[in-house]
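> Need coordinates for the following:
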Amino acid sequence: MNVISKRGLKQLLKGKSSDVVTEALDWYKTAGAAKWECLEDVRVQYPDADQVGGMPIFNIRFNRYRLVVFAVYPKRKLYLKALLTHKEYDREAWKKWA
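Below you'll find the model as predicted:
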């Protein structure tokens with residue numbers, strides 16, 4: 001998968017603790033090497049991933065954070081949209097651009 005972009009991920013990670021940064025960068029490496037064609041493929045590696053519309057949601061740091069991604073599976077592209085705390089995610093404000 002082509003994850004767009006590592007620089008964008010680093011922007012999302014600014015000010016976050018090192019354990020969140022480490023796990024998110026590990027996710028980036030895994031996603032970049034993956035050959036996901038649908039959510040079922042994603043769930044092989046991330047069984048707790050959810051999907052809202054075309055946006056897979058990944059749990060980071062034991063569900064303390066949610067990584068929201070826009071997936072274009074046929075083109076093998078993942079666009080990073082947001083890294084939210086669980087509380088921010090539950091407010092559902094992110095759904096207006098989902």
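
> All the strands of this structure, residue numbers only.
2-4, 50-52, 55-60, 65-72, 77-85 (DSSP state E).

> so can I have TSV of the ones you listed showing mean pLDDT and mean neighbour count?
All C-beta spots, glycine's among them, are computed from the backbone N, C-alpha and C. What follows is the strands of the chain, written out as TSV (pLDDT from 0 to 100; neighbours: other Cβ atoms under 10 Å):
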stretch	mean pLDDT	mean neighbour count
strand 2-4	94	16
strand 50-52	93	13
strand 55-60	96	21
strand 65-72	96	20
strand 77-85	95	19
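
> Quick check: chain neighbours aside, which residue is closest to the most centrally placed residue in the chain?
The centroid of the chain falls nearest to Leu67 when counting by Cα atoms, centre = their mean (3.5 Å). Using Cβ to Cβ, 6 or more residues apart in numbering and skipping the chain neighbours, the partner closest in space to Leu67 is Phe58 (4.2 Å).

> Tell me who's in contact with the one you found.
Contacts for Phe58 were tallied using Cβ atoms under 8 Å, 6 or more residues apart in numbering; they are Trp27, Tyr46, Ala49, Arg66, Leu67, Val69.
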